[in-house]
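K.L.:
Can you look at this prediction? I've put the sequence above it.
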Amino acid sequence: MTHVEEEIASQPECWQRGIALAGSLAEQLPRRGERVAVVGCGTSWFMAMAYAGLRERAGLGETDAFAASEFPRERRYDRVLVISRSGTTTEVLDVLRDIAGNTRSTGIIGDPRSPAVTLVDDPICLPFADEKSVVQTRFATTALAVLRAHLGDDVDRAVHDAAEALVAPLPVDPAALEQVTFLGRDWTVGLAHEAGLKCREAARFWAEAYPAMDYRHGPIAIAGPGRAVWAFGAVPAGLPDDVTRTGATFVHSARDPMADLILVQRLAVALARHRGLDPDAPHHLTRSVILTGGEPAGAGLDE
């Protein structure tokens, strides 16, 4: 097995550990009524989007999600929550340095030895979910499991569904698939973006992502035979029929959407193998983006 396959398979156990940890984090994580910005890069940004949607839906306070490079320094927040697997990404560290002394910060970080740990007011380290692979899977989903548990979501169901998703047949044939579009609503828009990213990173595969309600405002034009449309969470009325009429395959399940993401991670690995690629060695990517003199030392996924 590749590193990424081993890490995909470990997710139910990692989520359980994260859920157990969440009960002790009341002082470190955003409190009811706080105005919160959630910041990350790549996969971590998409987890930030999912958490922001869930927190606002729960009525716990205004919550915005930003790619770290786009964080609005002039806007005031009660707390900034950063998600970073490596804890070394330049844009994330820049945000933390800029807000130091002015805004309380919390960091969910994979590597407890990283510089981000010393820059945040409230570090939350998940070394058990850190990864060897460049393509991120279990750290991101475990971070989201911690955050969901803190919000009071039923993440135990997600753990059960995740175990099933590890052995379920893939809903599309990697050898016959030409293109896939992922859709989400509310908090699952972030998961849709993450699903598309996994296929691009691991397999250099044509994948797109959109809010489900916006899909018929243009993107459906590329749907057709040999292509798939995969929806996370609630599906707009009439959308499955509209997709089916194009000749594309419509994919949707009753699983917890975070568990359904595991099936996409498995699809990305299968697509990579079919295309003769190593999912542990994605093209042009490293584990973290560290900028030197304003120029990237290497493109990365963090994350």
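P.N.:
Received the coordinates, thanks.

K.L.:
Going by C-alpha atoms from here, please, whenever you check contacts or count neighbours.
P.N.:
Will do.

K.L.:
Tell me where the model's unsure across this structure.
P.N.:
Filtered on pLDDT under 70, the chain yields the residue ranges 284-303.

K.L.:
Show me the strands in the stretch 51-200 of the chain, by range?
P.N.:
Under the criterion DSSP state E, counting those that start in this stretch, strands of the stretch 51-200 of the chain are mapped to 63-67, 79-84, 104-109, 122-125, 179-184.

K.L.:
now swap in the stretch 201-303 of the chain and tell me
P.N.:
Secondary structure of the stretch 201-303 of the chain by DSSP E, counting those that start in this stretch: the strands cover 207-211, 227-231, 249-251, 291-292, 295-296.

K.L.:
and of the ones you listed, who's closest to residue 72?
P.N.:
strand 291-292 (19.8 Å; CA to CA).

K.L.:
mind giving me the domain ranges of the chain?
P.N.:
3-153, 159-274 (automatic domain parsing).

K.L.:
So which of those domains is nearest residue 280?
P.N.:
Residue 280 lies closest to domain 3-153 among those, at 5.7 Å (CA to CA).

K.L.:
Surely residue 188 is in contact with residue 50?
P.N.:
Yes: using CA atoms under 8 Å, residue 188 is in contact with residue 50, at 6.0 Å.

K.L.:
circling back to that earlier point, mean neighbour count and distance to residue 281 added to the domains of the chain, as TSV?
P.N.:
Shown next, in TSV, are the domains of the chain (neighbours: other CA atoms under 10 Å; distance: least, CA to CA, whole Å):
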stretch	mean neighbour count	distance to residue 281
domain 3-153	20	7
domain 159-274	19	8
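
K.L.:
circling back to that earlier point, distance to residue 169 for the strands of the stretch 51-200 of the chain - can I get that in CSV?
P.N.:
Output for the strands of the stretch 51-200 of the chain, formatted as CSV (distance: least, CA to CA, whole Å):
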stretch, distance to residue 169
strand 63-67, 34
strand 79-84, 31
strand 104-109, 33
strand 122-125, 34
strand 179-184, 17
